[in-house]
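S.K.: fold the following.
(chains A, B and C)
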Amino acid sequence: MTVNIPKVTHTTQAIKVKKQSAVVTFFSNLLRSWTGMVGFLIMILLLFISIFGQWIVPYDPLLADFSKKLLPPMTDGHLLGTDQLGRDIFSRIILGARVSVIIGLTTVLIAGTFGTIVGIISGYFRGWVDVILMRIVDVQLSFPFILLVLVINAIIGSGLRNIIISLAIGGWVIFARVIRSEVLALREKEFITACVATGVSRTGILFKHILPNLFTPIIILSSLQIGTYIIAEASVSFLGFGVQPPEPAWGNMLNEGKDYIFSSWWLITFPGIAIMITALGVNLFGDWLRDTLDPELKGE
Amino acid sequence: MSDKVLQVNDLRIRFRNGKETSQPIRGVNFHVKKGETLGIVGESGCGKSVTSLSVMGLLPIKTSEIVSGEILFNNRDISRLKEKEYRKLRGNEISMIFQEPMTSLNPVFTIGEQLSEPLRQHKKMSKSEIRNNIIAVLKQVGLPRAEQIIDEYPHQLSGGMRQRVMISLALLCHPKLMIADEPTTALDVTIQAQILELLKEIKVKNEMSLMLITHDLSVVAEMCDRVVVMYAGEVVEEAEVNELFDRPLHPYTQGLMKSLPSNNERKSKLFSIDGQVPKPSEIGEGCVFANRCPFAFEKCFAETPPAFNRGKHISKCWLQDPAVKEVMQNEERSIVNS
Amino acid sequence: MLDFVIKRLIQVGVVVLLALTVVFFLIRLSGDPTALFLPPDAPREQIEEYREKLGFNRPIYVQYGDFMVNAVQGDFGQSLRSREDALPLVLDRLPATFQLAISALVLSLLISIPLGVLSAFRRNSIFDRIAVAFTVLGQAVPSFWLGLLLIYFFAAQLNMLPSGGAGSITHLLLPMVTLAAYSVARFTRFTRSTMLDVLRKDYIRTAKASGVPTIRLIGRYALKNSLIPIITLVALDLGTLLGGAVITEVVFAWPGIGRLLMQSLMNRDFPIVLAGVFIIALIYAVINFIADVLYAYVNPQIRVK
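M.R.: All right, here's what the predicted structure looks like:
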């Protein structure tokens, strides 16, 4: 018995070392690609701002002060100036980050989960289920994403919750399509055939062998889709649906600012830069993730 | 010297990948005579294909470099030709057949469109002349329905037919030298024999030289006049084909011969050479084959053997050194004496 | 080839009918349809009257059948605001949207294909690096914001171009550039990666071994091979382009379908929304059909059996 004990501790140590090295590989890979690093840092910054934003804003983002309306940047302690109601733009952009992050993450969670389930069902069970589900996907893909989101949002009404629902309804098909083809490809792999041949049950194969192999494509797709969702939300809010004022979202800030385009350039400049930096960060990180995790997909 | 179409002298090639460099070809010497078929034999990764691509001037420009040596084609050094000059040779005086007939033809162009390219580039011909020429060559390589095939797409042809198309592509401008890089490896066994027969036939008919690159010794025995054996980027042995099969001098060649399945005897197990080809980065002083050689002694690990001539039979092995031979004979004698 | 065309045409019909079905049920399921067809401040009696008049008290499958039969005949009802027929209202706006979308598409193809090819050919050169950086940035800029910036610079500051409206080539310039920008970024990136892929192929080596000069190798051989995936992507992206057109039309007050659709959504004028959805789905399906035929044309493996 005494012989067995050191053996056990040895294995646990081995596992620990392995886990640690996965994190180490992640960062050493990240350090090698400056674009991936920039994307990662932007995302970290964004997360930080959206969590702690309400404590770092210099002014109340909702507080209107008409005596200070349309102040240009760097005046009266307003870093990025004030808007038509005298609200501090810097504070509003910081609080707007939270809206973008919440929408991006929640939508990817809902659309990703639903799309993945549909994709697995379609790809794994095939037959008429697959035919019907993929017809639905085809039809939905035959309509522009942003228009679909707009129409749905207009029908079910605006607001944070409804824009997430609209984006998720518009977005799940991509996940279904990609995951289905991944599952189809996995089914043909030798190791799955071997499982079938050795009599592993269908659910056993699904949960033990197929699901873990879907992790990588789901992660890659999710990271690339977040950027799409954030820009889509900004577009919808810019058009007057989606997130409604006075709640600050970058899209509706631009919508309100566009009436002052001839007099006050800062109203339309800074929220746009915020969207661009966010999308850039998410895209760079997503591209890097794809190139690292799935070299076969490299460059498109 | 004028009977040599191609002469490769002390060729050294370096590959660069980022900051890493490697030398897949280190001091290669061989020549091809007029009307002769030279076989280049070796395992994958020994540098046969790199050598042939360097003769064609098709090495990747940015990542590879000819460090030293020369490639004489009709006594003219072509190793440092400008791209524009090289283009006049390619498909014209030197042509090449590749291993994969399935992927070597462009799927979105007809056979005729692809075959007209060498004629367009090198000969001044009218469209109808080009077409007639192509049909004639397609017939020459034994393709039925040549008049129809010329307007068909690669996917409409079988693998064997595509390789015949590739051969006619290489043949169009009556080259002086044709390089065939594993021309039959990707084909069915029955078709392999047909293609080899065809190559033999057209070589004689067109009075050209053939450089046949293969890993298959039976193909060599069937086709070649002379053989160059390559190992890890070096030529280790060179001889007339019968001489080589009768009396292989280099232990590597001996190993290759032994690993051939024989028709006469049914051995329970095929012979295989132990160990692996060293990576270019692992090669230092000494004989490149020393780590796998059953006869290796100290000198083999310390010094690179030069080429020892025995008539026209050349081998790069210390065992062929007259001095070493003398010592060994003395040792044998002393063993017998004691 | 004819079989192929007919098969694809049937698919176009199916897609459009299904799209209509989905929107129909989406509107029906989202609440009392009468409320959607009336201004929000309508009195109760009027709602009841409307329910009767529009037949919303009938079973849903009867309503659906009715709607589809009418829709196929081009009858989507009347606009709730102007009392004009919905479909002609939408069709009136079609030329403007086409003008914008096609000019933007042509512009982006004219820029992106040469750029992508050159970038792939001069891989890792400074030119290539700048082009890649540009595509990455271009995909992160939302088109409506780019539109605002262009208005600010060229209309507000330089006073060179009109900030909105239609009527002349100067009116088209800014919306066209705005709409094309995203596509330029995507197409350039894709052309580059496809081209890099093709240049590694065995058949390119064969062409080189035949003595084909570099310019001809790229311009004739590699480009035609790359065209197949490029056409597929462009067709897929036309949806994004159409979606972008809606937003661009709003930014520049361009009198196309998108702006009409947006106004109708704002006013909850659903007959027009339905007609608009129908037309957009139809356009998109027809574009995909054309892309399929084009695809078959450049790809002999489909064209020649």
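S.K.: what does the stretch 1-150 of chain B have sitting close to chain C?
M.R.: By C-beta under 8 Å from any C-beta of the partner chain, the residues of the stretch 1-150 of chain B that approach chain C are B:56, B:58, B:83-84, B:87-92, B:95-96, B:98, B:100, B:103-110, B:114, B:117-118, B:121-122. Where you see a C-beta, it was placed from the backbone N, CA and C, and this is true even at glycine.
S.K.: so of those residues, which ones are in strands?
M.R.: Members of the residues of the stretch 1-150 of chain B next to chain C lying in strands (criterion: DSSP state E): B:95-96.
S.K.: which among the residues of the stretch 1-150 of chain B next to chain C count as buried?
M.R.: Among those, the ones that count as buried by 16 or more other C-beta atoms under 10 Å in any protein chain shown are B:56, B:58, B:87, B:89-92, B:95-96, B:98, B:100, B:103-110, B:114, B:117-118, B:121-122.
S.K.: what sits against the most centrally placed residue in chain B?
M.R.: In chain B, the residue lying closest to the centroid (C-alpha atoms, centre = their mean) is B:Ile213, at 2.8 Å. B:Ile213 makes contact with B:39-40, B:48-49, B:51-52, B:179-182 under the criterion C-beta atoms under 8 Å, 6 or more residues apart in numbering or on different chains.
S.K.: surely it is within a helix?
M.R.: No - per DSSP: H, G, I helix; E, B strand; the rest coil, B:Ile213 lies outside any helix segment and is strand.
S.K.: can you name the residues bridging to it?
M.R.: B:Ile40, B:Asp181 (DSSP bridges).
S.K.: per-residue confidence at it?
M.R.: With respect to pLDDT, B:Ile213 scores 92.
S.K.: from A:Gly281, how far out is it?
M.R.: Applying C-beta to C-beta, to the nearest Å, the value for B:Ile213 to A:Gly281 is 51 Å.
S.K.: swap in B:Phe73?
M.R.: Between B:Phe73 and A:Gly281 the distance is 56 Å, computed by C-beta to C-beta.
S.K.: check A:Gly272 too.
M.R.: Distance check for A:Gly272 against A:Gly281: by C-beta to C-beta, it reads 15 Å.
S.K.: same question, B:His31
M.R.: For B:His31, the distance to A:Gly281 equals 60 Å [C-beta to C-beta].
S.K.: give me the residue from chain A nearest chain B.
M.R.: Chain B sits closest to A:Arg32 of chain A, with a gap of 11.7 Å, by C-beta to the nearest C-beta.
S.K.: strands of chain A, start to end?
M.R.: Assigned by DSSP E, chain A shows no strands.
S.K.: quick check: chain neighbours aside, which residue is closest to the residue nearest the centre of it?
M.R.: With distances taken as C-alpha atoms, centre = their mean, A:Ile226 lies nearest the centre of chain A, 2.2 Å away. Nearest residue to A:Ile226 in three dimensions, chain neighbours excluded: A:Gly104, at 4.3 Å (C-beta to C-beta, 6 or more residues apart in numbering or on different chains).
S.K.: tell me how far C:Ser119 lies from chain A.
M.R.: As judged by C-beta to the nearest C-beta, to the nearest Å, C:Ser119 and chain A stand 12 Å apart.
S.K.: over to C:Ala86?
M.R.: 15 Å.
S.K.: tell me the contacts of that residue?
M.R.: For C:Ala86, the contacting residues are C:76-79, C:271-272, C:274-275, by C-beta under 8 Å, 6+ apart.
S.K.: tell me which other helices or strands the helix or strand harbouring C:Glu48 touches.
M.R.: In the assignment (DSSP states H and E), C:Glu48 maps to helix C:44-54. On a contact count with 3 or more C-beta pairs under 8 Å, 6 or more residues apart in numbering or on different chains; DSSP states H and E, helix C:44-54 meets helix C:33-37.
S.K.: any idea of the mean pLDDT in the helix it packs on?
M.R.: The pLDDT scores in helix C:33-37 average 63.
S.K.: and B:Leu217, what's its pLDDT?
M.R.: 88.
S.K.: could you measure from the nearest residue to it once chain neighbours are set aside over to B:Cys46?
M.R.: Residue nearest to B:Leu217 in three dimensions, not counting chain neighbours: B:Leu260, with 5.7 Å by C-beta to C-beta, 6+ apart. Computed as C-beta to C-beta, the B:Leu260 to B:Cys46 distance reads 17 Å.
S.K.: looking at those two, which one has more neighbours?
M.R.: A count of neighbours by other C-beta atoms under 10 Å in any protein chain shown puts B:Cys46 above the other of B:Leu260 and B:Cys46, at 25 against 14.
S.K.: all set now, cheers.
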